[in-house]
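>>> please work out how this folds:
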Amino acid sequence: MARTTGGGRSSSLASEVARRLRAAIVDGEFDLGEALSEDGLASVLGVSRTPVREALRMLQLQGLVEIVPKSGTYVFQPTEDEIFELCEYRTTLEIRAAQLALERNPDAALAAMRRAVEAMTDALAGNNTKAYGIADTAFHEAFFAHCGNRYLSDAYQMSLARVSALRVHLTFLATTEPARSFEEHRRIVEIFAEGRLAELEEILKAHIMRTRENYVLALRDRAARDTESKAAGLRRKLGLSS
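Predicted coordinates:
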């Protein structure tokens with residue numbers, strides 16, 4: 001990536017840096033809570049610190065990084081309350097988008113959902129966490145892509161990056177995932193194909209709320225393992241390892 005100092009080119013470069021960093025966070029290349037060094041990123045990307053700093057500010061607005069004064073920049077690390085709120089927000093938007101997609105563009109929405117399920121099947125067979133998360137995101141985006149309401153779609157896009165990142169980071173950590181998730185996606189396709197609106201609303205709400213509970217459990221497991229790992233490291237340094 002070439003260095004540049006021009007105003008317009010610098011802004012364009014910052015957008016490209018932001019795109020790369022966003023993809024790395026959403027795809028799970030950077031861990032939740034991981035520190036992001038401006039100097040390190042600038043060096044690896046072959047740019048000055050200015051576009052990196054601008055890119056990180058863009059990602060902060062998307063909720064993907066947290067910039068802590070006098071400390072540094074970190075990949076977002078959601079609290080349990082934030083996961084609850086995000087899933088409630090998703091439920092409200094997604095149920096309405098599914099209703100409209102069923103009314104306005106059922107064939108196109110159904111085709112997109114079936115393609116996503118096929119991709120999930122392949123991802124499960126290959127135990128590919130990243131591919132499964134991408135397919136899961138595509139499945140739910142189908143409602144918004146075919147609901148015929150740009151404002152509803154834009155509202156979902158505001159939280160999509162965080163939702164996608166959580167899928168990749170936490171789905172495979174839950175003991176019941178992704179088998180339970182996969183079966184529910186297949187069931188949603190069946191219900192949508194048969195136009196059973198009431199059941200569609202019910203299963204979507206249950207699906208997202210169960211995902212919320214699984215994410216919270218996975219987050220607790222991550223915290224417990226991190227604590228255990230730090231304690232083990234401290235024991236080694238103090239010569240207390242068995």
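>>> where does pLDDT dip in this structure?
Within the chain, the segments meeting pLDDT under 70 span 1-10, 171-177, 241-242.
>>> at 80 instead, please
In the predicted model of the chain, residues 1-11, 168-178, 222-223, 225-239, 241-242 satisfy pLDDT under 80.
>>> just give me the longest helix of it.
Criterion DSSP state H: the longest helix present in the chain is helix 197-237.
>>> so which bits of stretch 24-39 are buried?
By neighbour count on 16 or more other Cβ atoms under 10 Å, the buried set for stretch 24-39 is 25-28, 30, 32, 36, 38. Quick note: C-beta positions are derived from backbone N, CA and C, even for glycine.
>>> need these in JSON lines (columns: secondary structure and distance to Ile67).
Formatted as JSON lines, the buried residues of stretch 24-39 follow (DSSP: H, G, I helix; E, B strand; the rest coil; distance: Cβ to Cβ, whole Å):
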{"residue": "Ile25", "secondary structure": "helix", "distance to Ile67": "14"}
{"residue": "Val26", "secondary structure": "helix", "distance to Ile67": "18"}
{"residue": "Asp27", "secondary structure": "coil", "distance to Ile67": "21"}
{"residue": "Gly28", "secondary structure": "coil", "distance to Ile67": "21"}
{"residue": "Phe30", "secondary structure": "coil", "distance to Ile67": "15"}
{"residue": "Leu32", "secondary structure": "coil", "distance to Ile67": "16"}
{"residue": "Leu36", "secondary structure": "strand", "distance to Ile67": "9"}
{"residue": "Glu38", "secondary structure": "helix", "distance to Ile67": "10"}
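>>> list the helices and strands the longest helix of the chain packs on?
Counting contacts by 3 or more Cβ pairs under 8 Å, 6 or more residues apart in numbering; DSSP states H and E, helix 197-237 is packed against helix 80-104, helix 150-170, helix 179-193.
>>> and the angle from the longest one to helix 197-237?
Inter-element angle recorded for helix 80-104 and helix 197-237: 150 degrees (by axes from the mean of the first three to the mean of the last three Cα atoms, to 10 degrees).
>>> list of residues touching the next helix or strand after helix 80-104?
Downstream of helix 80-104, the first helix or strand assigned by DSSP states H and E is helix 106-125. With contact meaning Cβ atoms under 8 Å, 6 or more residues apart in numbering, helix 106-125 is reached by 101-102, 128-129, 131-132, 134-136, 138-139, 141-143, 145-146, 178, 182, 185-186, 188-189, 192-193, 195.
>>> just the buried ones from those residues, in ChimeraX syntax?
Burial among these is assessed by 16+ other Cβ under 10 Å; the matching ChimeraX selection reads:
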select :101,102,128,129,131,132,134,135,136,138,139,141,142,143,145,146,178,182,185,188,189,192
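>>> what is the burial count for the residue nearest to Val216 when sequence neighbours are not counted?
Distance criterion Cβ to Cβ, 6 or more residues apart in numbering; nearest residue to Val216, sequence neighbours excluded, is Glu80 at 5.1 Å. Per other Cβ atoms under 10 Å, the neighbour tally for Glu80 reads 13.
>>> all set now, cheers.
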